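Novice: Provide a 3D model corresponding to the input given below.
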Amino acid sequence: MASEQAAQEERAKLDARARQGETVVPGGTGGKSLEAQEHLAEGRSRGGQTRREQLGTEGYQELGSRGGQTRKEQIGRQGYQEMGRKGGLTTIDKSAGDRAQEEGIQIDESKFMKSS
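Specialist: Sure thing, here's the model as predicted:
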């Protein structure tokens, strides 16, 4: 019974953090509560699985590769490299922007942000 109470307390803490805007569930970005983030993550995972089943593994990989190539064409080689540099800074508990700021790394987002 004590472990059940500890689990409830942990969920309450995670829910409070989620309500503050923090992503506490991988794949739950955008959810305003712990439960919402869990549902988002589950749906996103299931969506990817369904598409992979439709296309097969090779087709699914090709689709991802084509998407990257299209983006590279949109923003150019420099922009694509800068975007990859930013992505490489991301960790489980910190966004790339936060980490770059903490470590004093300059990232020129204008290189990969689409201009209207």
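
Novice: Enumerate every residue touching the residue nearest the centre of the chain.
Specialist: Nearest to the mean C-alpha position of the chain, by CA atoms, centre = their mean, lies Gly27 at 6.1 Å. Residues in contact with Gly27 (CB atoms under 8 Å, 6 or more residues apart in numbering) are 40-41, 44-45. The C-beta positions use only the backbone N, C-alpha and C, and glycine is treated the same way.

Novice: So what does it have for phi and psi?
Specialist: Note on Gly27: backbone dihedrals following degrees, to the nearest 10 are phi 90, psi 0.

Novice: coming back round to it: only the buried members of the contacts of Gly27: can you turn that into a PyMOL selection?
Specialist: Restricted to buried positions by 16 or more other CB atoms under 10 Å, the PyMOL selection for these reads:
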select buried, resi 40+41
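
Novice: Just send the contacts of Gly27 back as TSV, with distance to Arg99, secondary structure and pLDDT too.
Specialist: TSV is the format used below for the contacts of Gly27 (distance: CB to CB, whole Å; DSSP: H, G, I helix; E, B strand; the rest coil; pLDDT from 0 to 100):
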residue	distance to Arg99	secondary structure	pLDDT
Leu40	23	helix	87
Ala41	22	helix	85
Arg44	23	helix	80
Ser45	25	helix	76
